[in-house]
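# one predicted model, sequence on top.
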Amino acid sequence: MYRILIVEDDALIGGSIVKGLRETGFEVDWVADGYAAIKQLVAHDYGAVILDLIIHNGLNGFGVLNFIELEQPHVVSRVFLITGMSEQTVIRTAPQLLARLYHKPFDQRKLIEDIAAFVRWAPRPKEPEGTPRVLVVDDDASSAALIAAMTQQLGCAVDVASNGRQAIAKLAETTFNAMVLDLVMPEIDGFSVLEFLRDSRPEAVRCTIVLSGLPGRYRRDLDKYAIHASLDKPVDAGKFRVALDECVGRRRA
């Protein structure tokens with residue numbers, strides 16, 4: 001049985017999540033302060049940790065997250081944030097968790113379904129060592145699938161993010177040889193992803209290929225980011241291949 005830890009000081013929210021998770025078949029521990037959470041993390045190996053950043057008594061969620069990052073870094077990828085704080089705050093403090101952020105008030109049924117899918121997911125086989133890894137960011141599923149297929153044909157491993165939020169979370173925890181980025185996406189758009197990278201990983205900006213159907217006048221702001229290439233949709237396979245080879249070669253060097 002999978003075991004889940006909830007760190008939440010709101011009794012109504014915590015109790016409701018506990019009920020839903022237990023009905024789904026999980027074993028659940030629920031604590032209302034950060035110090036108790038750390039004791040539980042030391043005592044047990046959890047399949048997922050649901051963490052509220054704002055806890056009013058004792059150690060808050062940031063303290064718990066700091067403990068996890070320092071003492072149990074393998075658990076970071078299992079943390080689901082529930083908070084009333086803004087996405088911009090989370091981007092500044094814990095960008096690797098942005099894809100698993102549930103802003104209060106949130107759909108508790110979706111949270112439980114997402115956790116169930118996460119902890120029961122079978123990891124994919126690892127690619128051979130040295131395989132270039134490329135992040136494809138596009139909210140259009142068919143476009144993302146096409147670019148992913150073209151990228152795999154060039155011998156690269158591919159991760160796909162369907163929006164800017166997922167992209168930032170992946171970029172915060174993984175180093176990619178290149179990124180293929182759409183600009184127009186809901187919630188967090190491609191320009192915001194570039195802003196994040198410019199502040200935190202400028203070398204990744206230089207290995208970014210923008211693919212967009214926007215007219216050229218709307219892409220003038222790209223000049224300030226020093227990306228590698230800006231290509232039109234629908235993509236020219238030859239130009240894309242050249243740009244990707246250049247990016248992959250640069251990050252390997």
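Here it is on my side, so go on.

# give me the buried positions along stretch 82-101.
Across stretch 82-101, burial judged by 16 or more other C-beta atoms under 10 Å covers 82-83, 85, 87, 90-91, 94-101. Just so you know, the C-beta spots here come from the backbone N, C-alpha and C atoms, and that holds for glycine as well.

# so which residues of this structure form strands?
3-7, 27-31, 48-52, 79-83, 101-103, 133-137, 157-161, 178-181, 208-212, 229-232 (DSSP state E).

# so which of these is the most surrounded?
Each of the strands of the chain was assessed for mean neighbour count using mean count of other C-beta atoms under 10 Å. The highest is strand 178-181, with a mean of 28.

# before we move on, back to that, just put the strands of the chain in a markdown table and tack on distance to residue 187 and mean pLDDT.
Output for these, formatted as a markdown table (distance: least, C-beta to C-beta, whole Å; pLDDT from 0 to 100):
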| stretch | distance to residue 187 | mean pLDDT |
| --- | --- | --- |
| strand 3-7 | 25 | 96 |
| strand 27-31 | 30 | 96 |
| strand 48-52 | 21 | 95 |
| strand 79-83 | 15 | 93 |
| strand 101-103 | 11 | 90 |
| strand 133-137 | 12 | 96 |
| strand 157-161 | 12 | 93 |
| strand 178-181 | 15 | 96 |
| strand 208-212 | 17 | 94 |
| strand 229-232 | 22 | 91 |
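
# contacting residues around residue 239?
Counting by C-beta atoms under 8 Å, 6 or more residues apart in numbering, residue 239 makes contact with 229, 231.

# apply 10 Å and report the result again.
209, 229, 231-232 (C-beta atoms under 10 Å, 6 or more residues apart in numbering).

# any idea how far the nearest residue to residue 34 once chain neighbours are set aside is from residue 247?
Among residues not flanking residue 34 along the chain, residue 59 sits closest, at 2.8 Å (C-beta to C-beta, 6 or more residues apart in numbering). Distance, residue 59 to residue 247, by C-beta to C-beta, to the nearest Å: 43 Å.

# okay, those two: which has more neighbours?
For residue 59 versus residue 247, neighbours defined as other C-beta atoms under 10 Å are more numerous around residue 247 (26 against 17).

# which residue is the nearest non-sequential neighbour of the more buried one?
residue 178 (3.7 Å).

# who's the one you found bridged to?
Beta bridges link residue 178 to residue 134 when assigned by DSSP bridges.

# correct me, but it touches residue 245?
Yes - the pair formed by residue 178 and residue 245 meets the contact definition of C-beta atoms under 10 Å, at 9.4 Å.

# got any residues that touch both of the two?
132, 156.

# and the helices in this structure, which stretches?
Counting by DSSP state H, the chain has helices at residues 11-24, 34-43, 61-71, 87-93, 108-119, 141-153, 164-173, 190-200, 202-205, 237-252.

# can you say which of these is nearest to residue 219?
helix 190-200 (9.8 Å; C-beta to C-beta).

# show me what counts as buried in that closest one.
Neighbour-count burial for helix 190-200, counted by 16+ other C-beta under 10 Å, picks out 190-197.
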